[in-house]
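# sequence plus the predicted model coming up.
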Amino acid sequence: QVQLVESGGGLVQSGGSLRLSCAASGFTFSGYWMNWVRQAPGKGLEWVSAINSGGGSTYYSDSVKGRFSISRDNAKNTLYLQMNSLKPEDTAVYYCAKGLWVGGSYGMDYWGKGTLVTVSS
């Protein structure tokens, strides 16, 4: 079965950095786009970043562009999110999600349980 396990969250001061990891299993990791999505306390889900199956194309929300970097290691079945210049508003639970293209539409069909990132001011 598909499993996505995030790690690397924690408490960091404003301006600091963290690197999140997502270990994937149960599917052909190299064949799928992958995503990071976050949920701040009391708020809805916010898509953060996506990467295509080969890792050559990356996409970011305006809120993190220039500060976060998504990458993947298909040999290790692992997705990463390097987060720099962190701000208190980046505080959220960060989820790894498997992407799925169906008939030209893109969605996410499997999610991890998330890892909490807290940025103190």
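Yes, it's here.
# phi, psi for the nearest residue to Asn52 once chain neighbours are set aside please.
Of all residues not flanking Asn52 in the chain, Trp33 sits nearest, at 5.4 Å (CB to CB, 6 or more residues apart in numbering). Placement of C-beta: from N, CA and C, glycine included. The phi/psi pair for Trp33 (degrees, to the nearest 10) reads phi -60, psi 150.
# separation between the residue lying closest to Thr115 once chain neighbours are set aside and Tyr59?
Counting by CB to CB, 6+ apart, Gly9 is the residue found nearest to Thr115 once chain neighbours are left out, at 3.4 Å. Look at Gly9 and Tyr59: by CB to CB, to the nearest Å, they are 22 Å apart.
# also Trp111?
Per CB to CB, Trp111 is found 18 Å from Tyr59.
# again with Asn52
The value you get for Asn52 to Tyr59, if CB to CB is used, is 9 Å.
# for Ala92, list each beta-bridge partner.
Applying DSSP bridges to Ala92 gives these bridge partners: Val117.
# residue contacts, it?
When contacts are counted by CB atoms under 8 Å, 6 or more residues apart in numbering, Ala92 touches Arg38, Gln39, Ala40, Pro41, Lys43, Glu46, Leu116, Val117.
# recalculate using a threshold of 7 Å.
Taking CB atoms under 7 Å, 6 or more residues apart in numbering as the criterion, Ala92 is in contact with Arg38, Gln39, Ala40, Val117.
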